[in-house]
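[1] got a structure for you, letters missing:
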């Protein structure tokens with residue numbers, strides 16, 4: 001089953017690479033090079049997390065702690081570099097972040113199949129919302145917060161991610177979770193998490209939190225959707241009593 005799922009991931013990567021090929025044809029050399037670096041880095045990130053979940057689940061738990069800790073450092077660094085501006089906003093955001101961190105940490109300890117399902121749905125949504133947005137995007141969602149997010153990108157990523165969840169059904173306990181509803185909730189929270197983090201960056205006047213991940217920026221730039229989506233799953237499981 002895991003081999004079949006990994007083959008699906010590789011097929012998606014090839015489709016994503018094809019999408020970026022058409023995108024790069026419209027871009028200048030500098031932006032095309034940036035997209036290639038982003039694509040290659042994403043490939044390594046996806047494989048690292050995928051195999052940490054599959055081969056040694058406790059490693060994903062440790063990676064999750066690293067992601068959360070570095071994310072907290074990135075938030076605090078921006079606040080300090082700004083000269084401690086917007087203190088009330090930062091405090092509220094920090095409390096929200098810590099709440100989501102708690103949820104994500106609980107999520108990282110959950111059953112392997114559920115963790116892998118969530119991670120793959122978010123990864124597919126992230127990748128194809130960007131590709132759909134760059135190929136088809138016309139209608140800006142919140143240009144003052146996240147200038148590149150479009151309705152077409154959101155719709156494309158959401159449809160592909162939710163549809164793909166049907167291929168990942170073997171990862172879930174069919175008696176507990178309904179894959180379409182679960183994946184729709186994951187996508188919604190992944191999007192809201194990304195949008196909220198973008199709001200934080202705009203408030204402090206930066207494009208990225210850092211340059212730790214080539215082509216992606218900082219850890220929060222890359223993993224904001226995963227943190228929010230994972231926290232949603234943890235909350236859903238808690239509410240259902242499983």
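    All right, it came through fine. These figures come from a predicted structure and were not determined experimentally.
[2] elements contacting the one helix or strand residue 131 maps to?
    Assigned by DSSP states H and E, residue 131 belongs to helix 112-136. Contacts defined by 3 or more Cβ pairs under 8 Å, 6 or more residues apart in numbering; DSSP states H and E place helix 112-136 against helix 2-24, helix 29-55, helix 57-81, helix 87-108, helix 151-164, helix 179-203, helix 219-240. For the C-beta atoms, the positions are set from N, CA and C on the backbone; glycine is no exception.
[3] I'd like to check the angle between the fourth one and helix 219-240, please.
    In this structure, helix 87-108 runs at an angle of 60 degrees to helix 219-240, with axes from the mean of the first three to the mean of the last three Cα atoms, to 10 degrees as the basis.
[4] Let me know the angle separating helix 87-108 from helix 179-203.
    150 degrees.
[5] got it, and the third one?
    Counting by the same axes, to 10 degrees, helix 57-81 lies at 30 degrees to helix 179-203.
[6] Could I get the buried residue list for helix 57-81?
    Neighbour counts over helix 57-81 (16 or more other Cβ atoms under 10 Å) mark 57, 60-61, 63-64, 67-68, 70-72, 74-75, 78-79 as buried.
[7] so can I have JSON lines of those residues showing distance to residue 192?
    Shown next, in JSON lines, are the buried residues of helix 57-81 (distance: Cβ to Cβ, whole Å):
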{"residue": "57", "distance to residue 192": "27"}
{"residue": "60", "distance to residue 192": "23"}
{"residue": "61", "distance to residue 192": "24"}
{"residue": "63", "distance to residue 192": "23"}
{"residue": "64", "distance to residue 192": "20"}
{"residue": "67", "distance to residue 192": "18"}
{"residue": "68", "distance to residue 192": "18"}
{"residue": "70", "distance to residue 192": "21"}
{"residue": "71", "distance to residue 192": "16"}
{"residue": "72", "distance to residue 192": "19"}
{"residue": "74", "distance to residue 192": "19"}
{"residue": "75", "distance to residue 192": "17"}
{"residue": "78", "distance to residue 192": "20"}
{"residue": "79", "distance to residue 192": "22"}
